[in-house]
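Asker: sequence first, predicted coordinates after that:
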Amino acid sequence: MGELVRERSRSRGDRVRVWVERKHRGRVLGDPAREPAVAAADLDDARRREVGQPPQRREMRSFRIEDACQQAVILALVNLAVLREAEGGTMRRLEGHEIEQLDPYVFMAVIGKRVIHPGGRTATEQLLRRADIHEGDRVLDVGCGVATTAITVAERFGANVTAVDISPLMLERARANVRARRADDRVTIDEGDIVSLQFPDESFDCVIAEAVTMFVERERAARELVRVCRRGGRVLATEFMWRRPPTAEAREIFLGQICPGMKFDTVEDWVRIYQNAGLADVRIDDGPFEMMTSRGFLQDEGRGGMLAIMGRVLSRPAYLKKMAWLMSRMRRAVPYLGYVAVAGEKQLASSLDAAGSRVREPVDA
């Protein structure tokens, strides 16, 4: 009876972890001494029970891929359980047709990706090294996605972060992530539109926008980012760019099929937009687009996170179909894509005529 009470008192995520430990009797995942075929079949049975289906044993051979798939399923179960718990168990299950209609950014959030912008963690670190954020600073994260950067800024610098996004699905997952990291006292999540921010002029010491401006009227969005930043504050942004002129096919696939309505061009184009919006001393870093490559996934999400995403994709045919559609097209566009990380300082109106020109230089690691 006491064991039953203790079991019920555990969180949903803890109960899944306990089940995994008991099912495998303390054996380490990936240990070649265990019986992979039996363990994998057990996990398949458990997954089927989760969706109300009867167990179905299948003959499985002991390839190394089984270890990866098994870990992916376990991590997906744990990840999903923790997310549902953080959201109070209210996360709505999307229907197949809804998944099919998701834009790539929202789809990445749905399958559990935490870093969802060109340049990934590398670009974010480049921005933060130029940010000059201090404890107690007011920071705005526009187009916050699942709040990964907002949480990082709050935890690393002790800043007070307001994170906004226009997508209800992104906001739902952002709030869940903030609660899961117990960052509610430092990070506030709210709805917000980059072309019409609800904040008064000069409300923030630093404004961050990762992969947002290119989805809307770029000049207007850049002006809004600068407007809500205080004089002398920093505006930071990451954007897509073409690293080399794309073929007509690559341009049509990316801007016509994957991200219709998105607009971007060269590094010089982005620098001009942010300088015209009122930034001085504009500095940039750039690099290849790797977010949708195996290397990029591993670097941004880590091995455990990557396996969890794999497990979630494999858990529903609609996810698998959407991922296959996306990846088959991204492969043809990736060779031409890159990112630019832009950082500049908002100056007094009288200083804008003397704004610094584009400068590319390394920042201290």
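Answerer: That came through, no problem. Numbering: from 1, shown residues only.
Asker: hang on, isn't residue 139 packed against residue 206?
Answerer: Yes. Using C-beta atoms under 8 Å, residue 139 is in contact with residue 206, at 4.7 Å. To be clear about C-beta, it is placed using only N, CA and C from the backbone, and glycine gets the same treatment.
Asker: what do the two both touch?
Answerer: Counting by C-beta atoms under 8 Å, 6 or more residues apart in numbering, the contacts common to residue 139 and residue 206 are 133, 159.
Asker: residue 283 belongs to a strand?
Answerer: Yes. Counting by DSSP: H, G, I helix; E, B strand; the rest coil, residue 283 is part of a strand.
Asker: for it, name its beta-bridge partners.
Answerer: Counting by DSSP bridges, residue 283 forms beta bridges with residue 343, residue 359.
Asker: the domain parsing of the protein - what is it?
Answerer: Taking automatic domain parsing as the reference, the chain has its domains at 2-86, 106-360.
Asker: hey, least reliable of these by pLDDT?
Answerer: Among the domains of the chain, domain 2-86 carries the lowest mean pLDDT, at a mean of 44.
Asker: quick check: phi and psi at residue 335.
Answerer: The phi and psi values for residue 335, taken as degrees, to the nearest 10, are phi -60, psi -20.
Asker: count the neighbours of it for me.
Answerer: Residues within reach of residue 335, counting by other C-beta atoms under 10 Å, total 13.
Asker: please apply the same query to residue 97.
Answerer: 8.
Asker: count of neighbours near the closest residue to residue 196 other than its chain neighbours?
Answerer: Nearest non-adjacent residue to residue 196, counting by C-beta to C-beta, 6 or more residues apart in numbering: residue 224, 7.1 Å away. Close neighbours of residue 224, defined as other C-beta under 10 Å, add up to 24.
Asker: name the SS class of residue 224, please.
Answerer: Applying three-state DSSP: residue 224 is helix.
Asker: same check on residue 134?
Answerer: Classification of residue 134 using three-state DSSP returns coil.
Asker: same question for residue 172.
Answerer: helix.
Asker: identify the residues contacting residue 242.
Answerer: Per C-beta under 8 Å, 6+ apart, neighbours of residue 242: 264-266, 336-338.
Asker: just residue 96 next, same as before
Answerer: Contact analysis of residue 96 by C-beta under 8 Å, 6+ apart lists 317-318.
Asker: make sure residue 299 is indeed in a strand.
Answerer: No. Counting by three-state DSSP, residue 299 falls outside a strand, being helix.
Asker: the chain should start at 23 in everything you say after this.
Answerer: That works, and once the first residue is 23, the last one we named lands at residue 321.
Asker: my read: residue 174 touches residue 143, true?
Answerer: No. Residue 174 is beyond contact range of residue 143, at 9.1 Å (criterion: C-beta under 8 Å).
Asker: residue 136 and residue 168 touch, don't they?
Answerer: Yes. Residue 136 lies in contact with residue 168 (C-beta under 8 Å); the separation is 6.0 Å.
Asker: could you pull out the buried residues of stretch 192-205?
Answerer: For stretch 192-205, the neighbour count (16 or more other C-beta atoms under 10 Å) marks 192-201, 203, 205 as buried.
Asker: same for the helix or strand hosting residue 308, what does it pack against?
Answerer: Residue 308 is part of strand 301-310, with elements assigned from DSSP states H and E. Using 3 or more C-beta pairs under 8 Å, 6 or more residues apart in numbering; DSSP states H and E, the elements in contact with strand 301-310 are helix 142-151, helix 289-299, strand 359-368, strand 381-382.
Asker: to residue 125, which of those lies closest?
Answerer: Of all the helices and strands packed on strand 301-310, strand 359-368 sits nearest to residue 125, with 16.6 Å by C-beta to C-beta.
Asker: now do the closest one against strand 301-310, angle only.
Answerer: Angle, strand 359-368 to strand 301-310, by axes from the mean of the first three to the mean of the last three C-alpha atoms, to 10 degrees: 160 degrees.
Asker: now the angle between helix 289-299 and strand 359-368, please.
Answerer: With the same axes, to 10 degrees defining the directions, strand 359-368 sits at 20 degrees from helix 289-299.
Asker: packing partners of strand 359-368?
Answerer: helix 142-151, strand 251-264, helix 289-299, strand 301-310.
Asker: ok, back up a step: tell me which of the contacts of residue 264 is nearest to residue 179?
Answerer: residue 360 (27.7 Å).
Asker: so what's that closest one up against?
Answerer: 140, 262-265, 308-311.
Asker: ok, which pair from the residues you listed is furthest apart?
Answerer: Top of the distance list for those (C-beta to C-beta): 264 and 309, 13.2 Å.
Asker: three-state assignment of residue 185?
Answerer: Residue 185 ends up strand, using three-state DSSP.
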